[in-house]
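Chemist: Below are the sequence and a predicted model for it; my questions follow.
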Amino acid sequence: MTPRNNHRQPEGDVNPITASPDDSPAGLRSRPENTHFRKAVDEMEGYTPGEQPKRVGGWIKLNTNENPYPPSPKVSEALASFAAGCLRLYPDPECREVRGFLAELHGVGIDNIIAGNGSDDILTMVMRSFVSEAGVCACPDPTYSLYPVLASIQGARCEPIPLEPDFSFPANFAEKASGASLVLIPRPNAPTGTAFDKLALENFRRDFRGVVLIDEAYADFADDDCLDLAVKYPNVIVSRTLSKSYSLAGARFGYAVASEELISGMMKVKDSYNVNALTQAAALAALKDRAYFEETVAKIRATRKQLVKELLGMGFEVAASSANFVFAQPPDGDAGRLYAALKEKGILVRWFSSSAATQSRVRITVGTDDEISALLSAIRQLVVAGT
């Protein structure tokens, strides 16, 4: 493969932290005349989700980190037995049954848990709760591109703090984040897949006076997690989602664990009925089926290991992944060409083109063994054969 520099930027694959204002979802725009919107809304770009194919079928979709396996059969049973007449009523605004099960699962009190419409809803609550208008939050760079968008909506600023060249947690993070009231740290990180050193995060929390949100959307695919830090320290929140490891991305259920004080404050700002009744039923059923959850996670971890091995064998550089995806640089560093060539073959991966830290890599979701075999076959044709 010969490097090119004339790639068309793929829609939805930009990094709003480091991209220029013209192509960044969090970048500033000129404010239109006769507007009715707040200044912050006029001047920002909205979050762009990963590309969703317009035609149904025919794609191998490895670009949005969805679980390739269906949810637990218990979910189907729960939804089939759901009394549709109940939908005339509002759902439990506090999700007490699901939160009660999560409290037992994690060994905490029910008042240490808050539920949300996906973990993005949790992130919105956290931003509303701990970052003032014109305030500052901070996050690693590169990372989840929603963080700066939520800050912009709040009329606040998100300060990017560059990771080390190997995507590890920088020693000077506390110093760089000293002006922030909130720091958002995904572990494992997206799009890199790396799990920051846990002791480094704990030491950072000690030196930081604000609130630390550890976003554990992918923690079930890692070797450890930071849930104990949320129990141990009064300024730490750990957020989780059922979208990835429980195959419920379409249902939208997330939650956070923190001190009773922090949860109580967040309860004030959440939407009144933020988790619908069907989602609460599906979430409870999925959470209770521990055997199916463990089996699915084990399959994804095994496929991830094989994917990394094969990519390394073809000369790729692959970041150490603790998530359900890998972040890989092709031998010639031309990730844009690889992205486009795979798309022509009906295989979607994700390319974050706007940041120098990410533009030489593609992010590949771990699919089924058959999907990954098809991906690797296509890559061999493109990379090894040089076509």
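Modeler: Arrived safely.

Chemist: buried set for stretch 189-198?
Modeler: Neighbour counts over stretch 189-198 (16 or more other Cβ atoms under 10 Å) mark 189-196, 198 as buried. Using the backbone N, CA and C atoms, a C-beta is placed for each residue, glycine as well.

Chemist: Farthest-apart pair in those residues, please.
Modeler: Maximum pairwise distance in the buried residues of stretch 189-198, criterion Cβ to Cβ, is 20.6 Å, between 191 and 198.

Chemist: Which pLDDT does the model give residue 51?
Modeler: Note for residue 51: predicted pLDDT of 83.

Chemist: How about residue 31?
Modeler: Note for residue 31: predicted pLDDT of 74.

Chemist: in stretch 343-354, what counts as buried?
Modeler: In stretch 343-354, counting by 16+ other Cβ under 10 Å, buried: 343, 347-354.

Chemist: residue ranges for the helices of this structure, please.
Modeler: Using DSSP state H, the helices of the chain run over 39-42, 73-80, 96-106, 119-130, 146-153, 173-176, 198-207, 227-232, 260-269, 277-288, 290-313, 335-344, 369-379.

Chemist: and the ones you listed, which is most packed in?
Modeler: Among the helices of the chain, ranked by average contacts under mean count of other Cβ atoms under 10 Å, first place goes to helix 146-153 (a mean of 24).

Chemist: For residue 371, which residues are in contact?
Modeler: Neighbouring residues of residue 371 by Cβ atoms under 8 Å, 6 or more residues apart in numbering: 60, 62, 68.

Chemist: I'd like those residues as TSV, with distance to residue 97 and pLDDT appended.
Modeler: Compiled in TSV, the contacts of residue 371 are given as follows (distance: Cβ to Cβ, whole Å; pLDDT from 0 to 100):
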residue	distance to residue 97	pLDDT
60	37	97
62	35	98
68	29	97
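
Chemist: Out of the residues you listed, who's the most crowded?
Modeler: Highest neighbour count within the contacts of residue 371, by other Cβ atoms under 10 Å: residue 62, with 26 neighbours.

Chemist: Once you drop chain neighbours, what's closest to that one?
Modeler: residue 365 (4.1 Å; Cβ to Cβ, 6 or more residues apart in numbering).

Chemist: Could you do residue 263 as well?
Modeler: Closest residue to residue 263 apart from its sequence neighbours, by Cβ to Cβ, 6+ apart: residue 114 at 5.0 Å.

Chemist: thinking again about what came up before, grab the two from the buried residues of stretch 343-354 that are most spread out in space.
Modeler: Among those, 347 and 354 lie farthest apart (Cβ to Cβ), at 22.1 Å.

Chemist: re the thing from before, between the contacts of residue 371, which is closest to residue 32?
Modeler: Distances from residue 32 to the contacts of residue 371, taken by Cβ to Cβ, are shortest for residue 62, at 38.0 Å.

Chemist: Would you enumerate the residues in contact with the closest one?
Modeler: 347-349, 364-367, 371, 375.

Chemist: Compute the distance between it and residue 287, please.
Modeler: From residue 62 across to residue 287, the span is 26 Å (Cβ to Cβ, to the nearest Å).

Chemist: what do you get for residue 225?
Modeler: The value you get for residue 225 to residue 287, if Cβ to Cβ is used, is 16 Å.
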